[in-house]
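1. let's see this in three dimensions:
(one chain, ligands or ions: 1)
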Amino acid sequence: MTEPLVPAADAGAAPPKSTPEALPPPAAEAAPTAAPAERAGRNGSQPLLQIEHLKTYFPIFGGIFRRKVGDVYAVDDVSLEVKKGETLGLVGESGCGKTTLGRSVLRLTEPTAGRVVFDGIDVAGLKGDRLQKMRRRMQIVFQDPMSSLNPRMPISDIIGEGLLAQADKENGWAKRDLRDKRVGDSLESVGLRREYSRRYPHEFSGGQRQRIGIARALALQPDFIVCDEPVSALDVSIQSQVLNLLLDLREEFELTYLFIAHNLSVVEYVSDRVGVMYLGKLVEVADLAALAANRLHPYTRALFSAALPADPEAVQEEVILAGEVPSPLNPPPGCRFHTRCPEVMPRCSAVEPSLTEVRPGHRVACHLYGDGVH
Ligand code: SF4
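-> Residues are numbered from 1 along each chain as shown. Below you'll find the model as predicted:
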């Protein structure tokens with residue numbers, strides 16, 4: 001479980017400042033991580049999902065006439081790609097915009113600007129039937145399995161609802177018997193019995209309910225699933241079962257995941273690559289092994305130093321952050337992290353760093369590692 005970041009008053013000495021010349025050894029020389037997912041062969045494949053300069057702002061209205069008085073910059077100019085067959089983990093503190101990013105990709109929340117290209121098709125430009133068909137290929141598993149399942153409906157209807165919406169001549173899901181067969185198949189693929197389809201959500205445990213949430217996503221035979229904190233509402237003893245199930249399903253059905261979590265141990269366990277978000281911005285993205293060996297962005301180092309290591313004997317770098325996370329309603333100018341960064345420089349508050357590739361596949365947005373600016 002990730003522990004809260006420690007306030008500045010308790011801070012020890014700041015870590016040594018990194019420079020472009022003083023970059024740690026490349027990822028290829030890094031020790032392999034203990035994560036069990038088979039990672040070989042994934043990272044060379046083509047992108048299935050490309051997110052380009054995505055912005056999602058939420059307007060704030062105030063005054064007697066309810067005029068717009070500002071925006072919450074939940075996701076601000078994020079560009080990212082997810083390769084076919086991989087799991088991209090997205091981490092960051094609460095409120096950093098990772099869930100909004102996942103929902104914007106699926107258009108459950110409408111983006112303000114930018115492009116989401118899925119398998120060569122711009123999702124933002126789709127409407128009506130074409131959007132409906134695309135939604136079949138892009139599914140989501142929600143954080144809270146109880147609130148995401150309608151308590152008044154049996155499981156057959158909860159899962160069957162999506163099938164009915166996607167019914168056509170080819171799949172025949174308009175017919176009850178074919179729909180029920182598909183519901184039963186999905187339940188079996190997540191380790192539940194077919195006959196459970198007649199039960200209601202309250203008759204299941206938390207872990208079983210999350211399996212039903214996964215079965216609902218799987219029933220539509222998607223290519224891509226946004227897993228939005230899928231285990232954070234579960235008991236610790238159940239979490240590993242659900243994580244292993246997700247990993248098995250990825251192999252069996254050749255799925256691609258965008259895996260959102262605040263628990264770094266969970267992200268390290270399932271991910272091939274990891275993206276780190278801070279206050280609506282993507283600040284670092286790299287292969288898991290590269291990130292484990294060379295955490296470049298000061299925020300990434302602070303985030304990982306606050307997590308409990310898998311090996312209690314392991315020596316961890318201690319990075320202490322000052323202050324609170326600024327409001328996304330009024331984010332700081334320049335680098336958004338400059339108000340808390342232990343390595344802040346004069347230009348950090350004036351010039352926003354761009355996400356720059358410092359090694360193949362390893363991108364970071366920080367003036368310590370290059371001069372790229374917007
Ligand atoms: Fe810190 Fe941001 Fe400056 Fe990098 S660019 S040193 S993260 S304040």
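2. contacts and neighbour counts: CA atoms only from here.
-> Will do.
3. distance between the ends of stretch 119-126?
-> Start-to-end span of stretch 119-126 (CA to CA, to the nearest Å) is 13 Å.
4. what's it in contact with?
-> With contacts defined as CA atoms under 8 Å, 6 or more residues apart in numbering, stretch 119-126 is touched by P47, L48, L49, R107, P111, R115, V116, V117, L131, M134.
5. pull the longest helix from the chain.
-> When the chain is parsed with DSSP state H, its longest helix is helix 236-253.
6. could you list the paired strands of whatever helix or strand comes next after it along with their orientation?
-> With elements assigned by DSSP states H and E, the helix or strand that comes after helix 236-253 is strand 256-260. Its sheet considered, strand 256-260 pairs with strand 87-91 (parallel), strand 224-228 (parallel) by DSSP bridges.
7. taking their axis directions, strand 256-260 and helix 236-253 sit at what angle?
-> Put simply, strand 256-260 runs at 160 degrees to helix 236-253, going by axes from the mean of the first three to the mean of the last three CA atoms, to 10 degrees.
8. in strand 256-260, what's buried?
-> The neighbour-count check on strand 256-260 (16 or more other CA atoms under 10 Å) flags T256, Y257, L258, F259, I260 as buried.
9. nearest to the ligand among those residues?
-> Comparing these against the ligand with CA to the nearest ligand atom places I260 closest, at 22.1 Å.
10. you'd agree that closest one is up against S232?
-> No: if you go by CA atoms under 8 Å, I260 and S232 don't touch, sitting 10.2 Å apart.
11. quick one: the helices in the protein?
-> 98-105, 128-137, 155-165, 176-189, 206-219, 236-253, 264-270, 288-293, 298-305.
12. burial measure for N263, as a count.
-> For N263, the count of nearby residues is 20 (other CA atoms under 10 Å).
13. confidence score at it?
-> Predicted confidence (pLDDT) for N263: 86.
14. also near the ligand: which of the contacts of stretch 119-126, exactly?
-> Here nothing survives when the contacts of stretch 119-126 are matched to the ligand using CA under 6 Å from any ligand atom.
15. please pick the buried ones from those residues.
-> Buried members of the contacts of stretch 119-126, scored by 16+ other CA under 10 Å, are P47, L48, L49, R107, P111, R115, V116, V117, M134.
16. and the furthest pair within those?
-> P47 and P111 (20.5 Å; CA to CA).
17. so R363 is in contact with V285, correct?
-> Yes: assessed by CA under 8 Å, R363 is found in contact with V285 at 5.3 Å.
18. out of these two, which sits in the busier spot?
-> Between R363 and V285, V285 has the larger neighbour count (other CA under 10 Å), namely 29 against 22.
19. look up how far I51 lies from that one.
-> From V285 over to I51 the distance is 13 Å, taken as CA to CA.
20. and if you look at Q132?
-> Counting by CA to CA - Q132 and I51 are separated by 20 Å.
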